[in-house]
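> heads up, no residue letters with this:
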């Protein structure tokens, strides 16, 4: 039996957050409105549900995800809402494509992959193990890392490797907190996502910030990221020329865009992380987009 992890509740929250809201509404005593399939009613509350978003018309409040809905309906703090959902549904993923809550107990390729991510790429043990417990990283038959791409609700839609083509329906993404993303950092690939998290470019006090791999430099915000309706979007593509060009195009269309670059003398975010781990001083790159 796998030992209990210090972040077990974080893993639990990650999977419960994406539970279908219709199922949560039923468990909370709501009944579907025969005249409107998206509307749910109970005494003192009338919900509209749109995928993972909800809005209570009588109370004038809304939110995203199963945890926020349970907290809203029950008047519970988030941790108590997590306990309620875990007891109600059990700690298991939703059928139909969601990642496994726990990886296989013994994967003979995992130790070598873990060493590569920790020793060669500079990621901390806790972050690597957290990715594994989320079911977001595993080794292919050659031992190379494979990262799971997810949609906005956290459902697996594919995988990302070094040679993967971009997927318009999702990307590899992570955040330090289970809160729904209110800010998004766009990165080139999964290694840069983990590097940005490791460099603490997402401060511990910033709740609800997700770092996302778009798989390529993009000139528009993918629809699945727009579904979060983030308040701020940081364009953190590593390549100075193409990244600046993409950020400029995005900023022309969207006032939420802020450019974020690696150091002037850095290759990419993972290069910055490795050099930081080695104790090298790194200059900042705060030039305007232009």
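That came through fine. What you are looking at is a predicted structure, and each value in this text was computed from that prediction instead of being measured. Numbering: from 1, shown residues only.

> list the pairing partners of the strand or helix carrying residue 211 within its sheet, with orientation.
Element membership for residue 211 (DSSP states H and E) is strand 209-213. Looking at strand 209-213 with DSSP bridges, its partner strands are strand 173-175 (antiparallel), strand 183-187 (parallel).

> and the next helix or strand past the lowest-mean-pLDDT helix or strand in the chain?
Least confident helix or strand, the chain: helix 8-17 with a mean of 77, by mean pLDDT, DSSP states H and E. The first helix or strand that comes after helix 8-17 along the chain, using DSSP H and E, is helix 21-27.

> just the helices in the stretch 101-250 of the chain please.
110-115, 125-134, 190-198, 223-226, 240-253 (DSSP state H, counting those that start in this stretch).

> what sits up against the third one?
With contacts defined as C-beta atoms under 8 Å, 6 or more residues apart in numbering, helix 190-198 is touched by 117, 121-124, 127, 131, 137, 145, 147, 160, 172-174, 176, 185, 187, 202, 211-213, 236, 238, 268-270, 272-273. Every C-beta, even on glycine, is put in place using the N, C-alpha and C of the backbone.

> just to revisit the earlier point, list of residues touching the strand holding residue 211?
147, 149, 160, 171-177, 181-190, 192-193, 196-197, 202, 225, 228, 236.

> stretch 218-232 too?
Outside stretch 218-232, the residues that touch it by C-beta under 8 Å, 6+ apart are 51-52, 64, 151-152, 166, 168-171, 180-184, 186, 210, 212, 214, 233, 246, 249-250, 253-254, 256, 258.

> one step back: mean pLDDT and distance to residue 47 for the strands paired with strand 209-213 - can I get that in TSV?
As requested, the strands paired with strand 209-213 are arranged in TSV below (pLDDT from 0 to 100; distance: least, C-beta to C-beta, whole Å):
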stretch	mean pLDDT	distance to residue 47
strand 173-175	89	25
strand 183-187	92	26
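
> can I get those in a markdown table with distance to residue 81 and mean neighbour count?
As requested, the strands paired with strand 209-213 are exported to a markdown table (distance: least, C-beta to C-beta, whole Å; neighbours: other C-beta atoms under 10 Å):
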| stretch | distance to residue 81 | mean neighbour count |
| --- | --- | --- |
| strand 173-175 | 18 | 24 |
| strand 183-187 | 22 | 26 |
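
> sweet, I'm off.
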